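Asks: Fold the following and give me the result.
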Amino acid sequence: MKKFATIALLLVTATAYAGGPLKTDSGQTHRYLVQRTFPAGALDGLDRAAKDRVNANNARFGVNWVTSYANADKTRTYCIYEGPNEVAIREAAKANGIPVDTITEVPVTLEP
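Replies: Residues are numbered from 1 along each chain as shown. Next up is the predicted model:
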């Protein structure tokens, strides 16, 4: 459980993998909103080594973690990712042992 909690907290700290936006073969960057649910306390505690492992796993799938938001009790997260497709986002999450509830492509940015 400690390993899961350590990796899971990574979602709240919003450390992106080094490098620019990822491009698909067609030259397009795809952006996704990933919703996740965690047991209470699962997001408590995290270190740099865990972040580095998650980002390295993401890179293997061409996935870039951009930022994450959590609800007040840290049982639900909303994460922005860039990657070639939804399958790559799911495979990166699986490699990291992080749950995925839903993935929604969000190609449009609306500025205030």
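
Asks: Report the separation between the residue nearest the centre of the chain and P112.
Replies: Nearest to the mean C-alpha position of the chain, by CA atoms, centre = their mean, lies W65 at 4.8 Å. For W65, the distance to P112 (CB to CB, to the nearest Å) stands at 24 Å. Where C-beta positions appear, they are placed from N, C-alpha and C, glycine not excepted.

Asks: repeat for T67
Replies: 17 Å.

Asks: Between those two, point out the one with more neighbours.
Replies: Neighbour totals were compared for T67 and P112, and T67 leads with 13 against 2 (other CB atoms under 10 Å).

Asks: just checking, that one touches C79?
Replies: Yes: between T67 and C79 there is a contact under CB atoms under 8 Å: 7.2 Å.

Asks: What degree of burial does T102 show, as a neighbour count?
Replies: Counted with other CB under 10 Å, the neighbours of T102 add up to 11.

Asks: partner residues bridging the closest residue to it other than its chain neighbours?
Replies: The shortest distance from T102 to any non-neighbouring residue, by CB to CB, 6 or more residues apart in numbering, is to Q35 (4.7 Å). Beta bridges link Q35 to Y78, T102, judged by DSSP bridges.

Asks: give me the low-pLDDT residue ranges for the chain?
Replies: 1-28, 46 (pLDDT under 70).

Asks: mind listing the helices in it by residue range?
Replies: Remark: helices assigned in the chain by DSSP state H are 2-13, 48-60, 86-96.

Asks: what's the shortest one in contact with?
Replies: Where contact means CB atoms under 8 Å, 6 or more residues apart in numbering, the residues beyond helix 86-96 that reach it are 7, 32, 34, 53-54, 57-58, 60-63, 81, 83, 99-100, 103, 105.

Asks: so that helix versus helix 48-60, what angle?
Replies: Following axes from the mean of the first three to the mean of the last three CA atoms, to 10 degrees, one obtains 150 degrees for the angle between helix 86-96 and helix 48-60.

Asks: Alright, I will stop here.
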